[in-house]
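*Asks:* Predicted model and sequence follow; I will ask about them next.
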Amino acid sequence: MMWIAPETDDLAPYLRSDSIVEAGSPAIAELAQRLRAATASTAEHDFIRAAFDWVRDQILHSFDARDPTVTLTSTEVLTHRVGLCYAKSHLLAALLRSEGVPAGFCYQRLETETGHVVHGLVAVYSGGHWHRLDPRGNNERVTSSFDLEHEKLAYKTDPTLGEIDYPGVYAAPAAEVVSALGTGRDALAMPLPAGLVAPSVS
């Protein structure tokens, strides 16, 4: 299943602040404003890059850091400076939405040594199109970088392994992800979603 970007005129859901993507939080707004100011540019592209780079590099991935702390909401991620891919995506989307940039969530199903697992990333709407960005964080095995023209994600799916790029863009985090993070007690040992019910593609 290939990733298919939605065609939509209704971007309001992708700007919404909620209990997980806390775009209206003062702490989120303060950081977003600081990142925009630091670019010394009014270009939306530059702010998106600054927010992406900050979350990718300043928020540790739980597995890389060997940190069992479970974070779900954007402010939890900001406070603890650690999170799984899903949680890091929640923070990046909150920062972008805080500054009026539509952002949502995309997911992949990847093969691991113990079976399939869902991986989370962000889609940002800029220049009239959706673009996927992966703020997971780089290590010796995976690398992602900012590029709105040519995707440079941490993982490329292989359909022969049952891997999937789920189509569409979720306006809110997937229910399976929220359930896993909301009930998990150890980010290094808790069960992660093995698959999702894919959203409809408009």
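*Replies:* Happy to help now that I have it. Numbers count the residues shown, from 1 in each chain.

*Asks:* where do the helices sit along the protein?
*Replies:* Remark: helices assigned in the chain by DSSP state H are 26-38, 44-58, 62-65, 74-80, 85-98, 175-183.

*Asks:* closest one to residue 146 among the ones you listed?
*Replies:* helix 44-58 (4.8 Å; CB to CB). Every C-beta, even on glycine, is put in place using the N, C-alpha and C of the backbone.

*Asks:* Residues in contact with that closest one: which ones?
*Replies:* 31-32, 35-36, 38-39, 41, 81, 88, 91-92, 95-96, 99, 101, 122, 124, 126-127, 133, 135-138, 144, 146, 148 (CB atoms under 8 Å, 6 or more residues apart in numbering).

*Asks:* can I get the helices of the chain in a markdown table with mean neighbour count?
*Replies:* Output for these, formatted as a markdown table (neighbours: other CB atoms under 10 Å):
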| stretch | mean neighbour count |
| --- | --- |
| helix 26-38 | 16 |
| helix 44-58 | 20 |
| helix 62-65 | 17 |
| helix 74-80 | 21 |
| helix 85-98 | 29 |
| helix 175-183 | 16 |
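
*Asks:* Switch those over to a markdown table, and while doing so, append mean pLDDT and distance to residue 6 to every line.
*Replies:* Formatted as a markdown table, the helices of the chain follow (pLDDT from 0 to 100; distance: least, CB to CB, whole Å):
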| stretch | mean pLDDT | distance to residue 6 |
| --- | --- | --- |
| helix 26-38 | 96 | 24 |
| helix 44-58 | 97 | 19 |
| helix 62-65 | 97 | 30 |
| helix 74-80 | 98 | 23 |
| helix 85-98 | 98 | 16 |
| helix 175-183 | 97 | 18 |
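
*Asks:* got a markdown table for those helices, with distance to residue 166 too?
*Replies:* Shown next, in a markdown table, are these (distance: least, CB to CB, whole Å):
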| stretch | distance to residue 166 |
| --- | --- |
| helix 26-38 | 26 |
| helix 44-58 | 20 |
| helix 62-65 | 21 |
| helix 74-80 | 22 |
| helix 85-98 | 13 |
| helix 175-183 | 11 |
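
*Asks:* Return the residues in contact with the closest residue in space to residue 183 that isn't next to it in sequence.
*Replies:* Setting aside the residues directly before and after it, residue 183 is nearest to residue 190 in space (CB to CB, 6 or more residues apart in numbering), at 7.9 Å. Going by CB under 8 Å, 6+ apart, residue 190 touches 70, 180, 183, 184.

*Asks:* longest strand anywhere in this protein?
*Replies:* In the chain, taking DSSP state E as the definition, the longest strand is strand 115-126.
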